[in-house]
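Novice: only the shape, not the letters, is given here:
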Ligand code: ATP
Ligand code: MG
């Protein structure tokens, strides 16, 4: 599975639909302080099912919705779409019917989040599992936020172990075992 495009609409500072094309090789995003570089990484984390407002630098999940600036009014929803190249058919079953997989998450004020996979409604858990199994999940060490290296160095062993488990691609298994034990 290879990410090929990220589209943001009404997400944080990206009020108008904005595409980030992710080509082969290295993609760099440069710009002055406050232009939205970190917001792009947060959009990626969010569409993969992130539900902790703190890791989105907000107080509540609705803080990701464009809050208004200068002459532009606040929006009522935020949407992020992630296009995934699945020509190698490595997506888990249930997500593996086509060469292109599009995951969309939308949050509407006072309503909450809804997810779609190739236009079909899916649950948050399905999306979180998809990315946890692919070792790119919202908690994945593949996403390194500003200041996170310092956090990793000073983390307690238990917290550090969770990060290593996600890197090893086994956190999806732990989640399933936990759910089985609750049943
Ligand atoms: P730096 O180089 O300092 O790390 P950056 O390019 O990473 O900067 P971001 O932190 O991604 O910048 O963007 C911050 C900008 O996003 C701020 O101007 C902030 O006002 C804006 N912003 C964040 N949340 C929202 C929101 N909900 N609505 C509108 N603007 C927002
Ligand atoms: Mg930043």
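Specialist: That came in fine, so what should we check first? It should be emphasised that the depicted structure is a prediction, and the values quoted were computed from it without experimental measurement. Ligands and ions are numbered 1, 2, ... in the order given.

Novice: show me the contacts for residue 134.
Specialist: 1, 90-92, 169 (C-beta atoms under 8 Å, 6 or more residues apart in numbering). From N, CA and C alone the C-beta is placed, and that goes for glycine too.

Novice: out of those, which end up buried?
Specialist: For the contacts of residue 134, a neighbour count by 16 or more other C-beta atoms under 10 Å gives the buried set as 1, 91.

Novice: widest-spaced pair of the contacts of residue 134?
Specialist: 91 and 169 (14.3 Å; C-beta to C-beta).

Novice: ranges for the strands of this structure?
Specialist: 2-9, 18-21, 77-85, 100-108, 112-117, 120-122 (DSSP state E).

Novice: so what touches the second one?
Specialist: Strand 18-21 has contacts (C-beta under 8 Å, 6+ apart) with 4-9, 27, 29, 40.

Novice: most tightly packed of the strands of the chain?
Specialist: Of all the strands of the chain, strand 77-85 carries the top mean neighbour count, a mean of 21, counting by mean count of other C-beta atoms under 10 Å.

Novice: quick one, it and strand 112-117 angle?
Specialist: Counting by axes from the mean of the first three to the mean of the last three C-alpha atoms, to 10 degrees, strand 77-85 lies at 20 degrees to strand 112-117.

Novice: for strand 77-85, the averaged confidence score.
Specialist: Average pLDDT, strand 77-85: 97.

Novice: any residue of it touching ligand 1?
Specialist: No - judged by C-beta under 6 Å from any ligand atom, strand 77-85 and ligand 1 are separated, with a smallest distance of 7.9 Å.
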